[in-house]
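Engineer: sharing a model that was predicted from the sequence below.
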Amino acid sequence: MTSEPAPISEAARRALEQELADIRVERQTVAATLRSTDTVGDHADQADELQRANDLEHLDARISEITTRLGQAADAGRPSTDVVGVGSTVTVRFADSTVETFQIGDVAEELDQTLVTADSPFGRALLGRRAGDSLRYETPDGKVSAVVVSLGKASEGQE
């Protein structure tokens, strides 16, 4: 990944904002369970307290990552509709004539079959392409070829 701010799709932005809201709620819950440092307890209590403090640290780190990514996306503006990049929506026709629309993202999201990570073989093959460009990439089943049909908004019925 480059250090330049990369745009994200509207769906990815909404997902990050939802994750941020959820993590903030979880952080409040964990923080409320921490005791003051002058409370004495047994070793199990101390270990539990240490685990919650560690959890809080991880939540704070993720909050920072999401906040930074959302800020970078805002700085980068809308995804390009000329060249495939992170945040692009791209419609592709495969060799078997199937046509599918994908989002190019930084990170894969569970159960999102339309999200392609920029560092996957398919994602790397798409980056920098324009409408009409052909591409080939390696899969576990062999090489696959496709053509970029369009960039920009998803086809009707897809986001």
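Structural biologist: Structure's in. What do you need?

Engineer: which helices and strands does the lengthiest helix in the chain pack with?
Structural biologist: Counting by DSSP state H, the longest helix found in the chain is helix 43-76. Applying 3 or more C-beta pairs under 8 Å, 6 or more residues apart in numbering; DSSP states H and E, one finds that helix 43-76 makes contact with helix 10-33. In short, each C-beta sits where N, CA and C put it, glycine included.

Engineer: next, the angle from the longest helix of the chain to helix 10-33.
Structural biologist: Put simply, helix 43-76 runs at 150 degrees to helix 10-33, going by axes from the mean of the first three to the mean of the last three C-alpha atoms, to 10 degrees.

Engineer: could you point out which element follows helix 43-76?
Structural biologist: Proceeding N to C from helix 43-76, the next assigned helix or strand is strand 89-94, under DSSP states H and E.

Engineer: give the buried residues for the next helix or strand after that next one.
Structural biologist: Sequence-wise, the next helix or strand downstream of strand 89-94 (DSSP H and E) is strand 99-105. By neighbour count, with 16 or more other C-beta atoms under 10 Å as the criterion, the buried positions of strand 99-105 are 100-105.

Engineer: biggest strand in this structure by residues?
Structural biologist: In the chain, with assignment by DSSP state E, the single longest strand is strand 142-151.

Engineer: just the CA atoms of that strand, as PDB, please.
Structural biologist: Extracted as PDB, the C-alpha positions of strand 142-151 are listed here (Å, rounded to 0.1, in the frame of the first residue of the first chain):
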ATOM      1  CA  GLY A 142      -5.100 -21.700 -13.100                       C
ATOM      2  CA  LYS A 143      -5.000 -18.400 -15.000                       C
ATOM      3  CA  VAL A 144      -8.200 -16.400 -15.400                       C
ATOM      4  CA  SER A 145      -8.800 -13.700 -18.000                       C
ATOM      5  CA  ALA A 146     -11.400 -10.900 -17.900                       C
ATOM      6  CA  VAL A 147     -12.200  -7.500 -19.400                       C
ATOM      7  CA  VAL A 148     -13.000  -4.300 -17.400                       C
ATOM      8  CA  VAL A 149     -16.500  -3.300 -18.600                       C
ATOM      9  CA  SER A 150     -16.900  -0.100 -16.600                       C
ATOM     10  CA  LEU A 151     -15.800   1.900 -13.500                       C
END
